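Asker: A structural model of the following input is requested.
(3 chains)
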Amino acid sequence: MVKIKTIYQRLYRAFGPQNWWPGKNPFEIIIGAILTQNTAWTNVEKAIKNLEKQGLLSARGLRDVPLKDLAKAIRSAGYFNQKAKKLKAFIDFLFVNYGGSVKRMFKKETALLRQELLEIKGIGQETADSILLYAGNKPIFVIDAYTRRVLSRLQLISEKADYQEIQQLFTQNLPLDVQLFNEFHALFVRLGKDICKKTKPDCGCCPLKNCLFII
DNA sequence: TGCCAGGCCGGGT
DNA sequence: ACCCGGCATGGC
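Answerer: Residues are numbered from 1 along each chain as shown, chains lettered A, B, ... in the order given. Have a look, this model is predicted:
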């Protein structure tokens, strides 16, 4: 049985620091977290640059821009109609509850804030946790498809383990360290890019594709 | 060229 | 409680 901490150490040794989140301030990180849902980060970067160029990369900017214009501005991020609504939903939430201030938002007790975020249409568990960890610097572990795939391949979880269950595997076996959680999740994503999507551990392609032999 | 990317929602069984 | 289709651009 591989220990969680060991996985981290080996990933870190193999890939080094990943320098997440590639956003300047917490607000921008939140926007990125929503835009990157099921989308390549390179496409999101273009959308964020566009928002910045148009002076929309702020709470008031996003609040005041018409939905259609917003959708056009984030076109490159894909699902732009949906995501425009999601951004609006978050911004509404931010103004209604925290006067448009991310700083004020993160003063809320973390577990309660997580629940509030999950009530926003378009923010699910992974996005909420990404916001808490990468924008809010809260020790919340983010679970994504890559993490699932890797753990499942290592037979540390069943293929149909739910989000909470997987999350607990980390929070119960690691110190609640923001920097550790930050780096660990980023390393899973880094590894995930290299491994195949087959779920059988004996698919035979992994050693050739620079995947789990690292662990 | 088709497949997939740092998901989530809503409707159907 | 699961399962599935829809959402969409850009890169390899």
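
Asker: just give the nearest non-adjacent residue to the residue in chain A that DNA strand C sits nearest to, would you?
Answerer: In chain A, the residue that lies nearest DNA strand C is A:Gly78 (2.7 Å; Cβ to the nearest atom of the strand). C-beta: built from backbone N, CA, C; applies to glycine. Distances taken as Cβ to Cβ, 6 or more residues apart in numbering put A:Thr39 closest to A:Gly78, at 5.0 Å, once the chain neighbours are dropped.

Asker: quickly note the distance from the one you found to A:Tyr98.
Answerer: 27 Å (Cβ to Cβ, to the nearest Å).

Asker: what about A:Phe3, how many residues nearby?
Answerer: Quick fix: residue A:3 reads Lys, not Phe. Using other Cβ atoms under 10 Å, A:Lys3 has 10 neighbouring residues.

Asker: so what's it up against?
Answerer: A:Asn173 (Cβ atoms under 8 Å, 6 or more residues apart in numbering).

Asker: do A:Asp129 as well
Answerer: Counted by Cβ under 8 Å, 6+ apart, A:Asp129 has contacts A:Arg114, A:Ile140, A:Phe141, A:Val142, A:Ile143, A:Gln167.

Asker: what about the one helix or strand A:Gly61 maps to, distance to the chain center?
Answerer: Per DSSP states H and E, A:Gly61 falls inside helix A:59-64. With Cα atoms, centre = their mean, to the nearest Å as the basis, helix A:59-64 stands 23 Å off its chain's centre.

Asker: please name every helix or strand in contact with it.
Answerer: Counting contacts by 3 or more Cβ pairs under 8 Å, 6 or more residues apart in numbering; DSSP states H and E, helix A:59-64 packs against helix A:80-98.

Asker: tell me which residues of the helix it packs on are tucked away?
Answerer: Residues of helix A:80-98 classed as buried by neighbour count (16 or more other Cβ atoms under 10 Å): A:80, A:83-91, A:93-94, A:98.

Asker: pLDDT and distance to A:Asn173 for those residues - can I get that in TSV?
Answerer: Shown next, in TSV, are the buried residues of helix A:80-98 (pLDDT from 0 to 100; distance: Cβ to Cβ, whole Å):
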residue	pLDDT	distance to A:Asn173
A:Phe80	98	39
A:Lys83	98	34
A:Ala84	98	39
A:Lys85	98	38
A:Lys86	98	33
A:Leu87	98	35
A:Lys88	98	38
A:Ala89	98	34
A:Phe90	98	32
A:Ile91	98	37
A:Phe93	98	33
A:Leu94	98	34
A:Tyr98	98	33
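
Asker: of the residues you listed, which is the nearest to A:Glu119?
Answerer: A:Phe93 (8.2 Å; Cβ to Cβ).

Asker: thought the closest one was touching A:Glu116?
Answerer: Yes - using Cβ atoms under 8 Å, A:Phe93 is in contact with A:Glu116, at 7.4 Å.

Asker: up against DNA strand C, what does chain A have?
Answerer: Contact residues, chain A versus DNA strand C (Cβ under 7 Å from any atom of the strand): A:38-40, A:42-43, A:46, A:75-76, A:78-83, A:160, A:162.

Asker: for DNA strand B, tell me which of those residues show up nearby.
Answerer: A:Asn38, A:Thr39, A:Ala40, A:Asn43, A:Gly78, A:Tyr79, A:Gln82.
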